[in-house]
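1. Sequence and predicted structure, then a few things I'm wondering about:
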Amino acid sequence: MCIAMSSNLKKFSMKYYIHRMLISERMIREGTIKDFDIIKRIEKRVFGRFSYMDEEIREMLNSSITLIFDDKGYISFFFEDDSCHVESIGVLPGEKGKGIGRALMESMEKICRESGKKKVVLEVREKNFRAIAFYEKLGYRRVRLIENYYIIKYRGSRNAYLMEKYLS
């Protein structure tokens, strides 16, 4: 697997670099605004009616670091003081269980570690048991429950767990 980064990393005063890692000859690359349709397709398939709106996807691609795995999954994150904050991660339903999510998380963690960040934080819906188990398997721990984290128009709100992992 090859991880190629450029524009967004430069925005965060990162040096330009390329990492090479082999995982089933697939590719992880940095997403740009040109990948809007890919991210939108993944968002719709993964999150359905709760997916990001077009303007939110554009903002994410313009202001966060987004990594795309073979157009089948993505992760978007940003730097915040001494940590990295995962904004969103999605893997197409038919591709789950193939290591795509793990590869994206590991690539993100590597970038964060090499950027001098001490931990990764993320939020996950309280009842998303599969995602919680996935994150815990990767070494993340639940810090606290955030009530009403997800506000869903006409459908109320949902709680989320704040999860974190200290990078070594």
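-> Received it, and whenever you're ready, just let me know what you need. Numbers count the residues shown, from 1 in each chain.
2. show me the contacts for residue 77.
-> By Cβ atoms under 8 Å, 6 or more residues apart in numbering, the residues touching residue 77 are 64, 65, 84, 85, 86, 87, 108, 112, 120. Every C-beta, even on glycine, is put in place using the N, C-alpha and C of the backbone.
3. Direction included, what does whichever strand or helix holds the fourth one pair up with?
-> Translated: residue 85. Applying DSSP states H and E as the criterion places residue 85 in strand 83-91. Here strand 83-91 is paired, per DSSP bridges, with strand 73-80 (antiparallel), strand 119-125 (parallel).
4. Against residue 55, how distant is residue 167?
-> Separation of residue 167 from residue 55 (Cβ to Cβ, to the nearest Å): 32 Å.
5. who's more crowded, these two?
-> Taking other Cβ atoms under 10 Å, residue 167 and residue 55 do not tie; residue 167 has more neighbours (18 against 8).
6. Is there a neighbour count for the nearest residue to that one once chain neighbours are set aside? I'd like the number.
-> Closest residue in space to residue 167, ignoring its immediate chain neighbours: residue 113 at 4.7 Å, by Cβ to Cβ, 6 or more residues apart in numbering. Counted with other Cβ under 10 Å, residues neighbouring residue 113 total 14.
7. For residue 138, see how far away residue 113 is.
-> Distance check for residue 113 against residue 138: by Cβ to Cβ, it reads 14 Å.
8. if you go through this protein in chain order, where are the helices?
-> Assignment of helices within the chain using DSSP state H yields the ranges 7-11, 36-47, 54-63, 100-114, 129-137.
9. so of the ones you listed, which one's packed in deepest?
-> Mean neighbour count (mean count of other Cβ atoms under 10 Å) peaks for helix 100-114 among these, with a mean of 20.
10. mind listing what the residue nearest to residue 47 when sequence neighbours are not counted touches?
-> The shortest distance from residue 47 to any non-neighbouring residue, by Cβ to Cβ, 6+ apart, is to residue 90 (6.9 Å). Each residue near residue 90 by Cβ under 8 Å, 6+ apart is listed here: 42, 43, 45, 46, 47, 73, 74.
11. Bridging across strands, which residues link to residue 90?
-> residue 74.
12. Got the confidence number for it?
-> We have a pLDDT of 96 for residue 90.
13. do residue 153 as well
-> pLDDT, residue 153: 56.
14. What of residue 93?
-> For residue 93, the model assigns a pLDDT of 95.
15. before we move on, the earlier item: tell me the most buried of the strands paired with strand 83-91?
-> With a mean of 22, the top stretch among those by mean neighbour count (mean count of other Cβ under 10 Å) is strand 73-80.
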